[in-house]
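K.L.:
coords please:
(one chain, ligands or ions: 1)
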Amino acid sequence: MADSATGSGERSDRQLAGRTVLAVFAHPDDESLACGGTLARLADAGVRVVLLCASRGEAGSISDPALVPDGDLGGVRACELRDAAAVLGIAEVMLLNYSDGNLRWKDEPELLADIVGAIRKYRPDAVITFAEDGLYWHLDHVGVHERTLDAVASLGAEAPPLYFVTMQRGAMREVVNAAHAKAGASSDSSFWGITPDAFGLSAEPPSFVVDVRDWVPRKLAALRCHRTQMGPHNPMAWIGDEEARRLLGVEQYRRSPLEATGDPMLEHLGEIQHAD
Ligand SMILES: [Zn+2]
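P.N.:
Numbering: from 1, shown residues only. Prediction:
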C-alpha cells in the first residue's frame, strides 16, 4: 500500500467525510481524464461527489460505429458517463444538454444559471473545473471554465472555494510512448487526433498536487467506460499498470483567486508546490 493511503494522508481524507464537492465539466470523459483519481479518492473518503456535465458529447468522434447503431452518440455517451461515474463513486450526475462544440459561445446565460443553480442546490464545500487553458485549449473546456468562474464569482463571499485542474505537461506524451513500447503500431500516437504534447502545455503551475496513485486503476477503468471515445487503439487502452501509476498518478490544482468562505478542503489532500 502506498504512503498516500496511510498515515497523515488517511487522516486528512477522513476529515472530509460528509462534505460535498461539485465538479463541472464539458463532455462525458472530461471528469475521468482531468481528475478521476481525485474524485474517486474523495468518494472513498465519504465525500458526496456531484458532477455537472454540460453536454452529452454528441459531436465527438466515434471510435467504432458499431457502438452507436442508431446514430444517437449523445445517448450512448450518456450511458458511458453513468458507468464511469459508478466506477469513480460519483453520487450524482447532472447531465445537461447544451450543444457540444458551442459551449463557449452559445447559451452563455443559461449555462451560467444552471451552474449557479447546482451550487445553490448542492451547497458544495468546493467546486472543481478546468483552468483557463481548458487542458489543451479545447474551446468548450475554456467556455465551461469561464461560466463556472462567473457562477462562483456571482455568489460573492458566500462562494465555495473554486479549484482549477490542469494536466501535467509531458505526461500524455509519455503515455503514448509507453503504450507504443507495449503495443507498437496498434496504439495511436495521438489522443482523439490531438497531439499528446498539447495536454497541459499552456497550464499555469499548480499550487498543489494530489497523489492519486492508488486510485489510478479506478481512473483508467472509468476512462475505459467511455468506449466510443477510447477505442482499441487509444494509448489509454494499452498503458500498463505500472506506467499508468507513474504517469497518471498525480493530479494538479490551482485555487482560484476569488474570495470564498469555508475550509480550503481540497488542499487537505494535496502536497503544496513551492515556486522556486
Ligand atoms: Zn472534453
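
K.L.:
And the strands in the protein?
P.N.:
For the chain, the strands defined by DSSP state E cover 20-25, 48-55, 92-98, 126-130, 162-166, 208-211, 250-255, 270-272.

K.L.:
do the fourth one and the ion meet at all?
P.N.:
No: Strand 126-130 lies out of reach of the ion by Cβ under 5 Å from the ion, never closer than 8.7 Å. From N, CA and C alone the C-beta is placed, and that goes for glycine too.

K.L.:
so that strand versus strand 48-55, what angle?
P.N.:
30 degrees (axes from the mean of the first three to the mean of the last three Cα atoms, to 10 degrees).

K.L.:
so can I have TSV of the strands of the chain showing mean neighbour count and mean pLDDT?
P.N.:
Shown next, in TSV, are the strands of the chain (neighbours: other Cβ atoms under 10 Å; pLDDT from 0 to 100):
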stretch	mean neighbour count	mean pLDDT
strand 20-25	26	98
strand 48-55	25	98
strand 92-98	17	98
strand 126-130	27	98
strand 162-166	25	98
strand 208-211	20	96
strand 250-255	21	96
strand 270-272	14	80
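
K.L.:
Same list, these, but as TSV with distance to R41 please.
P.N.:
Below are those laid out as TSV (distance: least, Cβ to Cβ, whole Å):
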stretch	distance to R41
strand 20-25	11
strand 48-55	10
strand 92-98	18
strand 126-130	12
strand 162-166	13
strand 208-211	7
strand 250-255	9
strand 270-272	11
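
K.L.:
measure the residue found closest to A244 once you drop the neighbours it is linked to in the chain to L155 for me?
P.N.:
Excluding the flanking residues, the one nearest A244 by Cβ to Cβ, 6 or more residues apart in numbering is V216, at 5.2 Å. V216 sits 34 Å away from L155, going by Cβ to Cβ, to the nearest Å.
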